[in-house]
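Enquirer: got a structure for you, letters missing:
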């Protein structure tokens, strides 16, 4: 029984980890491909003095990448702790 | 040197704080010497010599005869410092010297490098680093060899690693040689070897441990050297205190000026190696350009997540959680530079174009421009040329020729900053090129010594023997790279993009699927590596030998061909052959759990 619980715990931990990864990869694709592809259309708007499309490819997407990694890691730590796989540092 | 013994990791804040303070004091000292009339050349030499001596000292202090210290820095590097070391490992001569120049000349499409070289870390963090750390390997082929089993899979990974990293390292040795040659006033052929000796001093005695601590020191130098000139220039020229947030106005202004200076008029003369600005700052729109952008960004991202010298940095952290955290820090430290590069390119361009600024040259009388000292200095070394093609006595935009690589190096002089800043920039460029070359040489030598020699040729070799072989290989490979670099076969940037494409074509899917697809087996991985790598390489050969690129996929983007071929080959062959044994599947399950012991023993 205990062994089955353990397997179940691992399975659910992996399921959550995988879902988080998929969400992050979708966001990554948006900032890496969808927005740069449409940079021209976005340039019609202006953001703190920059054409918006240009802003995204030189700064906005970069900021999004940094934030995404830190958010993913914060959330992943929560998942690990929830299933008892958190480690001491 | 009592502080290096015992628990070095507890004193890192103090040591690097002191080091940073010392470096700033050195810059101030140089500035004072300049005021007292010390010659610019002397200041350049002092900058380069001083920083190289510091790196060599750190390398010597970190010497070791222990396996896990040599291969993975004892797995005790805190996340933040590993982040800095990775950033230095990552940002090569190309990022430091060539990136802003590329953005200056290349416009929209070129900015794909900025997006690609940062976004790749999202992949590293989501797909690779934490799992490889849990695996507990020494090298990337170590993962492939153990996960898929068998020496042949390991050998394929070693070959791809060597090809990708060697392509990259020649470009870095080329860059460090160029800078050393200019700063120390020695011929390029000698400069290359001086660069190599400096690089080996940092890595040979202490392996990964020495490289880690020198890379942290190199990061500090290179980031100061990149940010200080831009911020200083911005304050001198009145573009704002922190220009990153305010250069939007400069973007708008350049877009107004572009038609006025007749941007896009073809020059009537050409000079080898020099370019005229032809591309608008922010022209996107055509689907072909969008396609060029996303394909380039994709290749650079997949390459980031497959390049062994980057992945192996995450083997040095104490835990899986620290590995993840250090990916975040790596990207943050890299971001500081990449966020600055477009800003630098834009402000430099504005200073040259805008007739309202005292620094402008376009539209000014030809004779007056020819008299400027920075124009003279760079013309003398053949990296810049002005030529009054239409004989109207006015310098037009299409009469101003420049090597793209010099934008960063020349910016302090264009803005009229003191020479000490140029010396600082040279030291920064050297730090960037050296740190990357170090990481790459070590990745190659470790793969050959650990995976080829120890795992495949002589599994009974003792520790002493293994470390001697590792060091011997480091020297041989470094010397070989030097010989190739002194031939100057390719430009710096082309070689870098190729390295990314080689790594992505051959290694990306075998690494990802090794963690994310339990069914992945040896036959599939071998097929994936061979087919992906061969397809990419053959396509590169096809394009370089004059073939018409398919769908605009040129030699910088050949991973777009190699990766899908590799993926299909791996999946098809895997499904045609039996699934991996229970033990392997259990291994994959264990890799996915962050706690517990690593798959491979501490020392192996």
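Expert: Nice, thanks for sending it over. As the structure is a prediction and not an experimental result, all values here were calculated from the model. Residues are numbered from 1 along each chain as shown, chains lettered A, B, ... in the order given.

Enquirer: What is the neighbour count of residue 43?
Expert: Unless you meant another one, I'm taking chain A. 20 (other C-beta atoms under 10 Å in any protein chain shown). C-betas here are computed from N, CA, C, even on glycine.

Enquirer: switch to chain B, that's the one I care about
Expert: Residue B:43, neighbours per other C-beta under 10 Å, totals 22.

Enquirer: right, and it touches residue B:421 too?
Expert: No - between residue B:43 and residue B:421 there is no contact under C-beta atoms under 8 Å: 10.2 Å.

Enquirer: Could you list the buried residues of stretch B:261-274?
Expert: B:261, B:263, B:267, B:274 (16 or more other C-beta atoms under 10 Å in any protein chain shown).

Enquirer: To which secondary structure element is the closest residue in space to residue B:127 that isn't next to it in sequence assigned?
Expert: Computed as C-beta to C-beta, 6 or more residues apart in numbering or on different chains, the closest residue to residue B:127 that is not its neighbour in sequence is residue B:512, at 5.2 Å. Residue B:512 belongs to helix B:492-516 when assigned by DSSP states H and E.

Enquirer: Can you get me a residue count around the closest residue in space to residue B:199 that isn't next to it in sequence?
Expert: Of all residues not flanking residue B:199 in the chain, residue B:437 sits nearest, at 5.0 Å (C-beta to C-beta, 6+ apart). The number of residues packed near residue B:437 is 33, by other C-beta under 10 Å.

Enquirer: ok, back up a step: between the buried residues of stretch B:261-274, which is closest to chain A?
Expert: residue B:263 (16.4 Å; C-beta to the nearest C-beta).

Enquirer: got the contact list for the closest one?
Expert: Residues in contact with residue B:263 (C-beta atoms under 8 Å, 6 or more residues apart in numbering or on different chains) are B:277, B:278, B:280, B:397.

Enquirer: where exactly do the strands run in chain A?
Expert: Per DSSP state E, chain A has strands spanning A:46-47, A:50-51. These are given in chain order.

Enquirer: Run the chain-centre distance for the first one.
Expert: The chain centroid and the centroid of strand A:46-47 are separated by 25 Å, computed with C-alpha atoms, centre = their mean, to the nearest Å.

Enquirer: in its sheet, what does it sit against?
Expert: strand A:50-51 (antiparallel) (DSSP bridges).

Enquirer: isn't residue B:152 right next to residue B:526, touching?
Expert: Yes - Residue B:152 is within contact range of residue B:526, at 6.2 Å (criterion: C-beta under 8 Å).

Enquirer: okay, now the residue of chain B found nearest chain A: neighbour count?
Expert: For chain B and chain A, the shortest gap (C-beta to the nearest C-beta) falls at residue B:248, measuring 3.0 Å. Counted with other C-beta under 10 Å, the neighbours of residue B:248 add up to 19.

Enquirer: Could you pull up the residues touching it?
Expert: A:46, A:47, A:48, A:49, A:50, A:51, A:55.

Enquirer: between the residues you listed, which has the most around it?
Expert: residue A:50 (24 neighbours).

Enquirer: picking up where we left off before, which of the contacts of residue B:263 are buried? Put it as a ChimeraX command.
Expert: In ChimeraX, a selection of the buried entries from the contacts of residue B:263 looks like this (16+ other C-beta under 10 Å):
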select /B:277,397
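
Enquirer: Quick check: the farthest pair among the contacts of residue B:263?
Expert: Greatest spatial distance among the contacts of residue B:263 (C-beta to C-beta): B:280 and B:397, at 11.9 Å.

Enquirer: Which helix in chain B has the most residues?
Expert: What stands out as the longest helix in chain B, according to DSSP state H, is helix B:151-184.

Enquirer: List the buried residues for it?
Expert: Buried positions in helix B:151-184, judged by neighbour count with 16+ other C-beta under 10 Å: B:152-184.

Enquirer: Report the entries of those residues that also contact chain A.
Expert: By C-beta under 8 Å from any C-beta of the partner chain, no member of the buried residues of helix B:151-184 lies near chain A.

Enquirer: How about whatever residue of chain A ends up closest to chain B: what's its closest non-neighbour residue?
Expert: Closest residue of chain A to chain B, C-beta to the nearest C-beta: residue A:49 (3.0 Å). For residue A:49, ignoring the flanking residues on the chain, the nearest one in space by C-beta to C-beta, 6+ apart is residue B:248 at 3.0 Å.

Enquirer: who's in contact with the helix or strand following the longest helix of chain B?
Expert: Using DSSP H and E, the helix or strand that follows helix B:151-184 in sequence is helix B:188-203. Contact partners of helix B:188-203, identified using C-beta under 8 Å, 6+ apart, comprise B:52, B:55-56, B:58-60, B:173-174, B:176-182, B:184, B:186, B:210-211, B:214, B:430, B:433-434, B:437-438, B:441-442, B:474-475, B:478-479, B:481-482, B:485-486.

Enquirer: give me that answer again for 6 Å
Expert: Helix B:188-203 is contacted from outside by B:52, B:55-56, B:59, B:173, B:176-177, B:180-181, B:210-211, B:214, B:434, B:437-438, B:442, B:478, B:482, B:485-486, using C-beta atoms under 6 Å, 6 or more residues apart in numbering or on different chains.

Enquirer: Would you format the strands of chain A as JSON lines with mean pLDDT included?
Expert: Below are those laid out as JSON lines (pLDDT from 0 to 100):
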{"stretch": "strand A:46-47", "mean pLDDT": "81"}
{"stretch": "strand A:50-51", "mean pLDDT": "82"}
